[in-house]
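Peer 1: need the 3D shape of this:
(chains A and B)
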Amino acid sequence: MKIRKIAVTLEETHLEIGKEISPPTRRAAAIAVIENPFSGKYKEDLSELMAIGEELGGLLGRKCVDALGIEPADAESYGKAAMVGENGELEHAAAILHPKLGKPLRAEVEKGAALVPSSKKMGSMGQPLDVPLGHKDAAYVRSHFDGMEVRLNDAPRSDEIMVAIAVTDSGRPLPRVGGLKHEEAEGKDGLR
Amino acid sequence: MPEVIVRKTVISVEEIYHERGPVLDQPHRRAYIASVIQNPFAGRYVEDIVSFIDDLKPLGLSMAKQLIEALGGDAGVVEAYGKASVVGEDGELEHAALWHAPGGYSMREQMPNSKAIVPSAKKVGGPGVRIDVPVTHSNASYVRSHFDAIEVGINDAPRKDEMMVILAMTTGPRVHHRSGGLAAEDIFGNDGLK
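Peer 2: I've put the predicted structure just below:
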């Protein structure tokens, strides 16, 4: 895997619509910009990208947890996304995200019984990528459905892929649409 | 004396390994911190705004410290810096200028090598607006390898009655700098220029 750059962003929300958020909600995103080994050609076997996904799941998951400054077990939600530059194909994003990225990511956030929500797209430099967020142990926890926009003005170049992982230690700033609560989640089946 | 009310803070660190040239062992790092604060002058013309500069000083210091912390805690690794501010639509460009002193001196006070003026940019814009924060060498503005810029933006800021204040720092030159000019190792470092 050839990494050109890694960007880590931490966002803290202290106030929303005039109401103090205490403690502030916090979320982090780690983004890797890598060379697409299959740029410009059709390749049937995508296992090289699957291996890259496995490596990035651990690397980017750890960067997020480090940026939040929390114990792995204190992570509450997560998500993943990839944007493929124009000389690649959408399937390249799928190969990175789905087969092998989850397991090492879950190791970094301890447990992670829930599906890691994901999004993917083809795109060019500077385009926004919205990383969906869901509770890491119980997908139905309604307060933690969210998304985090990431973008880098110089990525992805046409022969690159931008891979992002987001991790939070909290839900939305002012959740009040009901549903299953974080405190009520059992976290056994990944759903509730 | 208006209070400084922070809605959100974003800190970002980029590690750059290469840009299609030789790969570095130790990546260069480029970081920024942006605080989204309420604009106490939004929605009306206020003649006397200058006292807000003092109000912003504690925020500036805290942001500079957080940014140095995000780069590992040693201000000595910082080689270049910059600052910017963006004012939401109910404010005016002049409000952005309030960030010059508290933004610049907060970084310089904490950096051993900071004789150079801190370059800056400002604009009025809506949520999601992007601003390119200019970056120059912190001890000698003419050092060519360190001229750079970092694009910053937050999808939900600044709202109409807010301003976004930004500090930026880098730990090295452009990754494959080779455009000549004054080199960092050749500076006198006395006047902030060369």
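Peer 1: by contact count, what packs against the longest strand along chain A?
Peer 2: What stands out as the longest strand in chain A, according to DSSP state E, is strand A:19-35. Strand A:19-35 sits against strand A:3-16, helix A:47-68, strand A:146-150, strand A:160-168, with contacts defined as 3 or more CB pairs under 8 Å, 6 or more residues apart in numbering or on different chains; DSSP states H and E. All C-beta atoms are positioned from the backbone trio N, CA, C, and that covers glycine.
Peer 1: now tabulate these in TSV and tack on mean neighbour count.
Peer 2: Output for the helices and strands packed on strand A:19-35, formatted as TSV (neighbours: other CB atoms under 10 Å in any protein chain shown):
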stretch	mean neighbour count
strand A:3-16	21
helix A:47-68	21
strand A:146-150	20
strand A:160-168	29
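Peer 1: looking at these, spot the one closest to residue B:5.
Peer 2: strand A:3-16 (6.5 Å; CB to CB).
Peer 1: what is the neighbour count of residue B:170?
Peer 2: 27 (other CB atoms under 10 Å in any protein chain shown).
Peer 1: tell me who's in contact with the residue nearest to residue A:58 when sequence neighbours are not counted.
Peer 2: Nearest residue to residue A:58, sequence neighbours excluded (CB to CB, 6 or more residues apart in numbering or on different chains): residue A:104, at 3.5 Å. Contacts here follow CB atoms under 8 Å, 6 or more residues apart in numbering or on different chains; on that basis residue A:104 touches A:54, A:55, A:57, A:58, A:61.
Peer 1: mean confidence for the longest strand of chain A?
Peer 2: The pLDDT scores in strand A:19-35 average 97.
Peer 1: again, but for stretch A:149-167
Peer 2: Mean predicted lDDT for stretch A:149-167 stands at 97.
Peer 1: and for stretch A:88-99?
Peer 2: According to the model, stretch A:88-99 has a mean pLDDT of 95.
Peer 1: can you list contacts of it?
Peer 2: Against stretch A:88-99 from outside (CB under 8 Å, 6+ apart): A:36, A:38-39, A:42, A:46-47, A:49-50, A:52-53, A:56, A:80-84, A:118, A:120-122, A:159, A:161, A:163.
Peer 1: pretty sure residue A:74 contacts residue A:169?
Peer 2: Yes: when contacts are counted by CB atoms under 8 Å, residue A:74 is listed as touching residue A:169 (5.6 Å).
Peer 1: so does stretch B:130-148 get close to chain A?
Peer 2: Yes: with CB under 8 Å from any CB of the partner chain as the criterion, chain A is reached by stretch B:130-148 at residue B:130.
Peer 1: that stretch: how far from the chain's middle?
Peer 2: 10 Å (CA atoms, centre = their mean, to the nearest Å).
Peer 1: same question, stretch B:183-194
Peer 2: 21 Å.
Peer 1: buried ones in the longest strand of chain A?
Peer 2: A:21, A:24-35 (16 or more other CB atoms under 10 Å in any protein chain shown).
Peer 1: any idea which of those is closest to chain B?
Peer 2: residue A:24 (7.9 Å; CB to the nearest CB).
Peer 1: for that closest one, what are its contacts?
Peer 2: So residue A:24 contacts A:12, A:13, A:14, A:170, B:8 (CB under 8 Å, 6+ apart).
Peer 1: okay, those in CSV with pLDDT and distance to residue B:107 next?
Peer 2: Formatted as CSV, those follow (pLDDT from 0 to 100; distance: CB to CB, whole Å):
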residue, pLDDT, distance to residue B:107
A:12, 98, 20
A:13, 97, 24
A:14, 97, 22
A:170, 97, 30
B:8, 97, 21
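Peer 1: adding distance to residue B:182, write those residues out as CSV.
Peer 2: Below are the contacts of residue A:24 laid out as CSV (distance: CB to CB, whole Å):
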residue, distance to residue B:182
A:12, 39
A:13, 42
A:14, 42
A:170, 47
B:8, 38
